[in-house]
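Chemist: Build me a model from this:
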Amino acid sequence: MRLVLACWEGPEGLASLTRLLDRYKAAHPNVDIEIQQVPGSQYYQRVKIQFAAGVAPDIMQLAYNQLPTFAARNTLHPLDDLIERDGFPVDEMFAELLPALKFRGQFYGLPRGWTTFVLYYNRDMFDQAGVPYPREGWTWDDFLAASKKIAADRNGDGKPDQFACDAPLQSDGIAFWIWQNGGRLFTPDMSRCLLDQPAALGAVQFLADCQYKHRVFPSPEQAQDLGGGGEMFRAGRQAMFIQGRWGCQSFRGATYPDGRPLNWDVGPVPMKKQAATVLFANCYVLRKDGPNLEEAWKLMQWLCGKEGQKHQAATGRDMPSFVSVAESPVFLDPNTPPENDREFLRAARYARPLEVDPNTGAFEELARSELTQIFTARKDVGESMRALTRRANAIQSAGKGENGP
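Modeler: Below is the predicted model of the structure:
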């Protein structure tokens, strides 16, 4: 039996996946697995072409926000009957994660792993500024006050070249700020974009002010010169970095330019009217009615089951989807940074998936374009968000007929 598995993994991820598949093949010698690895920027287009040509892989990786796009086209196999038949223990997973695995009430994906977004912070930079570390219940005001003390002009040219954090340029980067301010990206039925409403405008304006008024975020030119947020954090030029679990891979073992170990930990993102952060999941999905469906389903259960989750947790890329694995030393390893690893689990209490539907890909491209205009070209927040809302509503309206109710 030969199965084809499609993935976007880079060199490290591919090596990790290969090791996991080798374990599976050792226990299932009748199964041969071909890995089709496609770089991330080309991955989804390649999979769509394969579906159109009738040669889609048996099993493939999808980010959860892509599930609606593919499921609406009737290309993915719904999993509810298989989950019930074989007793796959979705009830042992984090309840907050389950909505991200569904489209129109049905399961279409199971997680390779997932993550909540937390705040990575540089302890040395906080200590030098004399400000307390990020803590439960800290607010936007606390964040801004700390940022003002951290941002500094190292070379004396009158311009900050040490920064507190950086501006988000994607929808998942602004979403939790908007949620915390009492807003939403879309109405619950996804029929109308709400980015022109006061809660959303206020959140994005706060971030724009951090960059242009308070100068605690780097300008786009500065960020580019210094390698971007992640590299600036590694180099000790940026004190905070908001990201998912995969940041741990970058920062474990990292050193400052002078060779000293990077002194970092994680804490909660700042809060305002309500607690909120983003959750993200990378899933495995099955080709609908594929010729090797049963064998592909067996493999999927292995990859997404507890053994696969333990393997992923050890890589530092993902949070395990099973509560029991997440609460074990496999994930909460006291010998591996960050010290406050449990913050990823605490954040699950108020974490949400993005509001997604089959039009999400097109919306995210628009959002990236407008956010870039705000944070690179000083475009007015109200003007930009109203333009984005109009264009998003046009996409939602046009997509109703294609995607159904």
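Chemist: the strands in this structure, which residues?
Modeler: 2-7, 32-37, 59-63, 102-103, 106-107, 110-116, 118-122, 240-243, 264-267, 277-286, 351-352 (DSSP state E).
Chemist: Let's have those in a markdown table, adding mean pLDDT, mean neighbour count and distance to Gly399.
Modeler: In this view, the C-beta of every residue, glycine as well, is placed from N, C-alpha and C. Formatted as a markdown table, the strands of the chain follow (pLDDT from 0 to 100; neighbours: other CB atoms under 10 Å; distance: least, CB to CB, whole Å):
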| stretch | mean pLDDT | mean neighbour count | distance to Gly399 |
| --- | --- | --- | --- |
| strand 2-7 | 98 | 19 | 25 |
| strand 32-37 | 97 | 15 | 29 |
| strand 59-63 | 97 | 23 | 19 |
| strand 102-103 | 97 | 20 | 14 |
| strand 106-107 | 98 | 17 | 20 |
| strand 110-116 | 96 | 26 | 26 |
| strand 118-122 | 98 | 25 | 33 |
| strand 240-243 | 96 | 23 | 30 |
| strand 264-267 | 98 | 22 | 37 |
| strand 277-286 | 97 | 25 | 21 |
| strand 351-352 | 96 | 20 | 22 |
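Chemist: right, so of those strands, which gets closest to Arg252?
Modeler: With CB to CB, the closest approach to Arg252 among the strands of the chain belongs to strand 264-267: 9.2 Å.
Chemist: got a list of contacts for that closest one?
Modeler: Applying CB atoms under 8 Å, 6 or more residues apart in numbering, the contact partners of strand 264-267 are 118-123, 133-135, 233, 251, 254, 337-341, 343-344.
Chemist: can you tell me the average pLDDT over the longest helix anywhere in the chain?
Modeler: Identified as the longest helix of the chain according to DSSP state H is helix 381-403. Mean pLDDT, helix 381-403: 87.
Chemist: helices and strands around that helix, which ones?
Modeler: helix 198-212, helix 360-377 (3 or more CB pairs under 8 Å, 6 or more residues apart in numbering; DSSP states H and E).
Chemist: Check which residues of it are buried.
Modeler: By neighbour count on 16 or more other CB atoms under 10 Å, the buried set for helix 381-403 is 381, 384-385, 387-389, 391-393, 395-396, 399, 403.
Chemist: got the contact list for the closest residue to Tyr350 other than its chain neighbours?
Modeler: Nearest residue to Tyr350, sequence neighbours excluded (CB to CB, 6 or more residues apart in numbering): Ala275, at 3.9 Å. Residues near Ala275 by CB under 8 Å, 6+ apart: 180, 349-350.
Chemist: Give me the distance between Ala275 and Tyr120.
Modeler: Distance of Ala275 to Tyr120, given as CB to CB, to the nearest Å: 19 Å.
Chemist: Walking through the stretch 201-350 of the chain, point out its helices one by one.
Modeler: 220-225, 229-234, 247-251, 293-304, 306-315, 323-326, 343-346 (DSSP state H, counting those that start in this stretch).
Chemist: Dump these to a markdown table, plus distance to Tyr24, mean pLDDT and mean neighbour count.
Modeler: Output for the helices of the stretch 201-350 of the chain, formatted as a markdown table (distance: least, CB to CB, whole Å; pLDDT from 0 to 100; neighbours: other CB atoms under 10 Å):
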| stretch | distance to Tyr24 | mean pLDDT | mean neighbour count |
| --- | --- | --- | --- |
| helix 220-225 | 42 | 79 | 15 |
| helix 229-234 | 32 | 90 | 21 |
| helix 247-251 | 23 | 92 | 19 |
| helix 293-304 | 5 | 98 | 20 |
| helix 306-315 | 9 | 91 | 21 |
| helix 323-326 | 18 | 96 | 18 |
| helix 343-346 | 27 | 98 | 19 |
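Chemist: Please convert those helices to CSV, extending it with distance to Ala175.
Modeler: Listed next are those as CSV, based on distance: least, CB to CB, whole Å:
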stretch, distance to Ala175
helix 220-225, 21
helix 229-234, 17
helix 247-251, 18
helix 293-304, 25
helix 306-315, 24
helix 323-326, 23
helix 343-346, 18
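Chemist: which one of those lies closest to Phe375?
Modeler: With respect to Phe375, and counting by CB to CB, the nearest of the helices of the stretch 201-350 of the chain is helix 220-225 at 6.5 Å.
Chemist: The longest helix of the chain to helix 360-377, inter-axis angle?
Modeler: Between helix 381-403 and helix 360-377, the angle comes out at 170 degrees (axes from the mean of the first three to the mean of the last three CA atoms, to 10 degrees).
Chemist: residue ranges with poor pLDDT in the stretch 1-150 of the chain?
Modeler: Across the stretch 1-150 of the chain, nothing is flagged by pLDDT under 70.
Chemist: Give me the most central residue, this structure.
Modeler: Note on the chain: the residue nearest the mean C-alpha position is Phe280, at 4.2 Å, using CA atoms, centre = their mean.
Chemist: Right, I'll call it a day here.
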